[in-house]
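**Student:** Need a 3D model of the following:
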Amino acid sequence: MTTDPIADYLTRLRNAIKAGKRVVEIPASNIKKEITKILFEQGYILNYKFEGEVPTAIIKIALKYDKVTKASAITKLERISSPGLRQYAGADELPRVLNGLGIAVLSTSKGVMTNKQAKDENVGGEVLCYVY
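**Tutor:** Predicted coordinates for the structure are as follows:
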């Protein structure tokens with residue numbers, strides 16, 4: 001059991017990308033499922049699949065690479081808020097990642113969403129990570 005499951009999730013993705021893996025398996029949790037759905041909807045991963053029940057469930061993620069250059073669709077995964085130092089942003093001060101080209105994943109009162117969705121819904125929350 002890790003003390004920061006989101007950091008563990010991002011590290012496993014980062015390591016799989018560096019190793020050039022096509023598929024990575026990650027222990028599942030509700031927050032990881034939500035982040036995975038966001039990454040899929042935003043086009044950063046190719047596909048995903050949830051297997052098993054909650055205590056031993058896993059998420060299989062198919063990583064996305066460029067066909068010509070073999071470069072990953074995810075250039076950087078950066079954890080912002082941590083258990084020791086939470087980072088919050090109000091609805092009027094949501095972060096812009098890479099001048100709007102990347103996304104920030106936020107945990108809000110209306111669920112886990114991107115900074116663009118949070119701006120549309122006019123909610124703030126905890127800034128979990130940046131993806132670009």
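**Student:** for this structure, which spans come out with low pLDDT?
**Tutor:** Under the criterion pLDDT under 70, the flagged ranges of the chain are 1.
**Student:** Check which element follows the lengthiest helix in it along the chain.
**Tutor:** Ranked by number of residues, the top helix in the chain under DSSP state H is helix 5-19. Remark: after helix 5-19, the chain's next helix or strand is strand 23-27, criterion DSSP states H and E.
**Student:** what's that next one packed up against?
**Tutor:** If contacts are counted by 3 or more Cβ pairs under 8 Å, 6 or more residues apart in numbering; DSSP states H and E, strand 23-27 sits against helix 5-19, strand 58-63. Backbone N, C-alpha and C define where each C-beta goes, glycine included.
**Student:** Could you say which one of these comes nearest to residue 104?
**Tutor:** Among those, the nearest to residue 104 by Cβ to Cβ is helix 5-19 (13.2 Å).
**Student:** contacts for that closest one?
**Tutor:** 2, 24, 26-27, 29, 31-32, 35, 61, 63, 72, 74, 77-79, 82, 128-129 (Cβ atoms under 8 Å, 6 or more residues apart in numbering).
**Student:** If we use 6 Å, what do you get?
**Tutor:** Outside of helix 5-19, the residues within contact range by Cβ atoms under 6 Å, 6 or more residues apart in numbering are 2, 24, 26, 29, 32, 72, 77, 79, 128.
**Student:** Next one: the third one relative to residue 52, how far apart?
**Tutor:** Residue 26 sits 12 Å away from residue 52, taking Cβ to Cβ, to the nearest Å as the criterion.
**Student:** before we move on, back to that, in the longest helix of the chain, what counts as buried?
**Tutor:** For helix 5-19, burial by neighbour count (16 or more other Cβ atoms under 10 Å) applies to 5-10, 12-14, 16-17.
**Student:** Then stretch 46-66?
**Tutor:** Buried-residue list, stretch 46-66, by 16+ other Cβ under 10 Å: 48, 59, 61, 63-64.
**Student:** can you list those in a markdown table and add distance to residue 86?
**Tutor:** Compiled in a markdown table, the buried residues of stretch 46-66 are given as follows (distance: Cβ to Cβ, whole Å):
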| residue | distance to residue 86 |
| --- | --- |
| 48 | 27 |
| 59 | 24 |
| 61 | 26 |
| 63 | 29 |
| 64 | 30 |
